[in-house]
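Colleague: With the input below, show me the fold.
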Amino acid sequence: MFGKKKQVLTKDEIAMVEQVIKAAELKSAGEIVVRIVMDSKQFQKDDVDADQAVHLRALDEFEKCGIVQTEGATGVMLFLSVAEKRVEVLADKAINEKVEHVVWEDIVATIVEGFKANAPGKGIAKGVDQAGTLLSKHFPRADDDVNELSDEVKISD
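Modeller: Numbering: from 1, shown residues only. Presented below is the predicted three-dimensional model:
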């Protein structure tokens, strides 16, 4: 379902997803981050299964990418762990106060369907667009809004 190391997305797919991030962020005061890691094994210990390891890695990436430092606490991260074939969506405090966690399951399903259809870039882009639409309902863009985080899709080990 997921691609091989560093070949999860083509250059064109990465560019497409980054354009959708830019467009989605223009609709709201939110920040959307996409992180793809090859595996989450370093977080898997004796008492931690693969699902928990992915969640721990997602939390680590969430902290590292600076979402928790955004004005208004309105950041969302779409996180993919390739080896474990898992997708998580994590949101910052202000979003979690207004949006039920179950809503993110639709975005996860969209991304997974994209991989199943051998169109991972389209799945991720559609998930980003869904997140942008959701953020625009709860956090409309202000005239003085600035892009606080990079729109770059980051793929790492």
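Colleague: Just the buried residues of the helix or strand containing Q19, please?
Modeller: Here Q19, judged by DSSP states H and E, is contained in helix 11-25. The neighbour-count check on helix 11-25 (16 or more other CB atoms under 10 Å) flags E13, I14, M16, V17, E18, V20, I21, A24, E25 as buried. Backbone N, C-alpha and C define where each C-beta goes, glycine included.
Colleague: quick check, distance from it to the centre of its chain.
Modeller: 12 Å (CA atoms, centre = their mean, to the nearest Å).
Colleague: same deal with stretch 86-93?
Modeller: 7 Å.
Colleague: so the residue nearest to the spatial centre of the chain bridges to which residues?
Modeller: Against the mean C-alpha coordinate of the chain, by CA atoms, centre = their mean, the closest residue is L78 at 1.1 Å. Bridge pairing for L78 (DSSP bridges) gives the partners V34, V89.
Colleague: Quick one: list the elements packing against the helix or strand hosting D129.
Modeller: Under the criterion of DSSP H and E, D129 resides in helix 120-138. In this structure, helix 120-138 makes packing contacts with helix 11-25, strand 31-37, strand 75-81, helix 93-98, helix 104-116, judged by 3 or more CB pairs under 8 Å, 6 or more residues apart in numbering; DSSP states H and E.
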